[in-house]
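**Student:** structure, please.
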Amino acid sequence: MKSSIRELIELSACQAVDRLRAGELSPVDLVEAAAARIEQCEPHLNALPTRCLERARDHAVGIAKGKLPSGALGGLPIAIKDLNPVAGVRTTYGSRIYANHIAERSDVLVEQLEREGGIVCAKSNTPEFGAGASTFNEVFGRTHNPWNHSKSVGGSSGGSAAAVASGEVWLAQGSDLGGSLRIPGSFNGVVGLRPSVGRVPRGLRHPFGTLMFDTLYVEGPIGRSVEDVALFLDAMAVAHPEEPLSFPPPATPYRQHAARPQAPKRVAWSPDLGITPVDPEVVEICERAVRKLEAAGTSVESACADFSQAVDVFQVLRAAFFAAEHEEHLRAHRDLLKDDVIWNTEKGLALTGGEIGAAELARSQICVSLLELFATHDLLVCPTVLVPPFDVEVRYVDEVAGVRFDNYIHWLVLTYAITLTGCPAISLPAGFTESGLPVGIQLIGPHRSEAALFAMAAALEAELGIAQMFPIDPRSADDRSLIG
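**Tutor:** Down below sits the predicted model:
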């Protein structure tokens, strides 16, 4: 009996891949299901503004006939963030500068995912050059939260997270510098993983140049569950000659670790990393979630590393990153750039060598402090974001608990403080506010500890039971379904 579209989109990524491998489904079936769901949802979400469905259909037929590799994903449709080129497909980087750009070659990660049987069916919306954690740009407009049409999806991988939450695709790729995989995970109630630096190849992804030895920016997966994200990381993780920091994947697939939940023995819980105000409802939801591990024998203790220098350090290093990537854009196309990109690039160009050097030294001190914490604890756990999803028209959070922020990235502090350490971090849904908005909790493990992190995250996920709620139909502000 042929499966309905609803039955197909309700499959987890792992279930869909298992059925593909068993010959119970064809990649063509899933591409058509994704196409139908995208048609239903996109008028309300604007998560996948660029679709390449004919390209996807051709790819699906090639896999079905055995002419193209099926790999770890078996022919599963996926979405790619609009910061990553896909050959022959419009790739804008969310910027008017590249509004009509058609990529000649795919990014090395896209090539890797296609070798593993991923079928690219769409590009997901992002802020201009990924700058900011609310997804809007002057090319495609704003992306809306499937839980509440009036709310932000976060960013910068906001389109990817909304597409996964609503069932437009089973998995979506994203990237993370200051929290761009984890924040959308939190705002959309899905799972986003920031892997260790080098775990996933980045390669030469931009026509305007790429910082190949940068250790702030990573690529990674978004899915509806920990096991789905582990499956996607299995497809992503590879040593690649165009990524000098990349290294080989482990012998045991990550999915196997995620399928065997194991509660941590000792967890360090911090509501604020000691450096920022956090919305009290967010703290309550996250603490209630982490305390559920105590029933499994986990010791949950109030403890944290020293992140006191994190705000200043990240501001400097991010600005240096922007100066390197966007000086030419600023010189040649200032009138087409949003103010936040201009501010961040000019801040970087004004830095001195001494300021950058001091920031690198302070970053090392943060890492040493966290290493000391991991000598006695399996995980550091904190909220993912300071606040629940906010109004979709708001560009960024400028105040929490009476404390004002003077720039567009300060409010990302709970995620970018962790970026500085290079440690893997996963955001999974912890619960919901009284108004029904999702809140994420962030689990951080030691360097290159993704395997153990998946097992521990899966243990908490099982206690919380939220992953079974997906996919969701896009909802209005008064909680009505927007799909007839």
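**Student:** how far does stretch 18-38 sit from its chain's centre?
**Tutor:** Put simply, stretch 18-38 sits 24 Å off its chain's centre (CA atoms, centre = their mean, to the nearest Å).
**Student:** in contact with residue 467, which residues?
**Tutor:** Neighbouring residues of residue 467 by CB atoms under 8 Å, 6 or more residues apart in numbering: 191, 224, 225, 226, 429, 461. C-beta here means a position set from N, CA and C on the backbone, and glycine is covered the same way.
**Student:** 6 Å instead?
**Tutor:** Residue 467 makes contact with 224, 225, 461 under the criterion CB atoms under 6 Å, 6 or more residues apart in numbering.
**Student:** quick check: closest non-adjacent residue to the second one.
**Tutor:** Distances taken as CB to CB, 6 or more residues apart in numbering place residue 467 nearest to residue 225, at 4.1 Å, with adjacent residues excluded.
**Student:** then the first one?
**Tutor:** Distance criterion CB to CB, 6+ apart; nearest residue to residue 224, sequence neighbours excluded, is residue 470 at 4.3 Å.
**Student:** got it, and the last one?
**Tutor:** In space, and not counting its chain neighbours, residue 461 is closest to residue 226: 5.0 Å by CB to CB, 6+ apart.
**Student:** which stretches of the protein aren't confidently modelled?
**Tutor:** 1-2, 204-205 (pLDDT under 70).
**Student:** right, and the helix or strand after the lengthiest helix in it?
**Tutor:** Identified as the longest helix of the chain according to DSSP state H is helix 310-333. Going down the chain from helix 310-333, the next helix or strand is helix 339-349, by DSSP states H and E.
**Student:** which strands or helices does that following helix pack on?
**Tutor:** Counting contacts by 3 or more CB pairs under 6 Å, 6 or more residues apart in numbering; DSSP states H and E, helix 339-349 is packed against helix 310-333.
**Student:** returning to that earlier point: now the angle from the longest helix of the chain to helix 339-349?
**Tutor:** Helix 310-333 runs at 110 degrees relative to helix 339-349, counting by axes from the mean of the first three to the mean of the last three CA atoms, to 10 degrees.
**Student:** and helix 310-333, what other elements does it pack with?
**Tutor:** When contacts are defined as 3+ CB pairs under 6 Å, 6+ apart, helix 310-333 sits against helix 339-349, helix 353-374.
**Student:** list the buried ones in that helix?
**Tutor:** By 16 or more other CB atoms under 10 Å, the buried positions in helix 310-333 come out as 310-311, 313-323, 325-327, 329-330.
**Student:** could you dump that helix to PDB, C-alpha only?
**Tutor:** The C-alpha trace of helix 310-333 is given here as PDB (Å, rounded to 0.1, in the frame of the first residue of the first chain):
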ATOM      1  CA  ALA A 310      34.100  35.800  26.800                       C
ATOM      2  CA  VAL A 311      32.100  38.800  25.700                       C
ATOM      3  CA  ASP A 312      35.100  41.000  25.000                       C
ATOM      4  CA  VAL A 313      37.100  38.100  23.400                       C
ATOM      5  CA  PHE A 314      34.400  37.000  21.000                       C
ATOM      6  CA  GLN A 315      33.600  40.600  20.000                       C
ATOM      7  CA  VAL A 316      37.200  41.100  19.000                       C
ATOM      8  CA  LEU A 317      37.700  37.700  17.200                       C
ATOM      9  CA  ARG A 318      34.400  37.900  15.400                       C
ATOM     10  CA  ALA A 319      35.200  41.500  14.200                       C
ATOM     11  CA  ALA A 320      38.600  40.300  12.900                       C
ATOM     12  CA  PHE A 321      36.700  37.500  11.000                       C
ATOM     13  CA  PHE A 322      34.300  40.000   9.400                       C
ATOM     14  CA  ALA A 323      37.200  42.300   8.400                       C
ATOM     15  CA  ALA A 324      38.900  39.400   6.600                       C
ATOM     16  CA  GLU A 325      35.800  38.200   4.800                       C
ATOM     17  CA  HIS A 326      34.000  41.500   4.100                       C
ATOM     18  CA  GLU A 327      36.500  44.300   3.600                       C
ATOM     19  CA  GLU A 328      36.100  44.100  -0.200                       C
ATOM     20  CA  HIS A 329      32.300  44.000   0.100                       C
ATOM     21  CA  LEU A 330      32.500  47.100   2.300                       C
ATOM     22  CA  ARG A 331      34.700  48.900  -0.200                       C
ATOM     23  CA  ALA A 332      32.800  48.000  -3.300                       C
ATOM     24  CA  HIS A 333      29.200  47.600  -2.200                       C
END
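**Student:** one step back: rebuild the helices and strands packed on helix 310-333 as CSV, extending it with mean neighbour count.
**Tutor:** Below are those laid out as CSV (neighbours: other CB atoms under 10 Å):
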stretch, mean neighbour count
helix 339-349, 19
helix 353-374, 15
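**Student:** identify the residues contacting the longest helix of the chain?
**Tutor:** 97, 211, 344-345, 347-349, 351, 355-356, 359, 362-363, 416-417, 420.
**Student:** tabulate the helices and strands packed on helix 310-333 (TSV), appending distance to residue 108.
**Tutor:** Listed next are these as TSV, based on distance: least, CB to CB, whole Å:
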stretch	distance to residue 108
helix 339-349	25
helix 353-374	27
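**Student:** now for the ones you listed, which one comes closest to residue 140?
**Tutor:** helix 339-349 (16.4 Å; CB to CB).
**Student:** got the angle for that closest one vs helix 353-374?
**Tutor:** 100 degrees.
**Student:** ok so, going back, of the contacts of helix 310-333, which pair is most distant in space?
**Tutor:** Longest span within the contacts of helix 310-333, CB to CB: 97 and 362, 33.7 Å.
**Student:** nearest the middle, which residue of the chain would you pick?
**Tutor:** When the chain is reduced to its mean C-alpha position, the nearest residue by CA atoms, centre = their mean turns out to be residue 181, at 1.8 Å.
**Student:** spatially nearest residue to that one (excluding sequence neighbours)?
**Tutor:** residue 192 (3.9 Å).
**Student:** what number of residues lie near that neighbour?
**Tutor:** 35 (other CB atoms under 10 Å).
**Student:** any idea which helix or strand carries it?
**Tutor:** When secondary structure is defined by DSSP H and E, residue 192 falls within strand 191-194.
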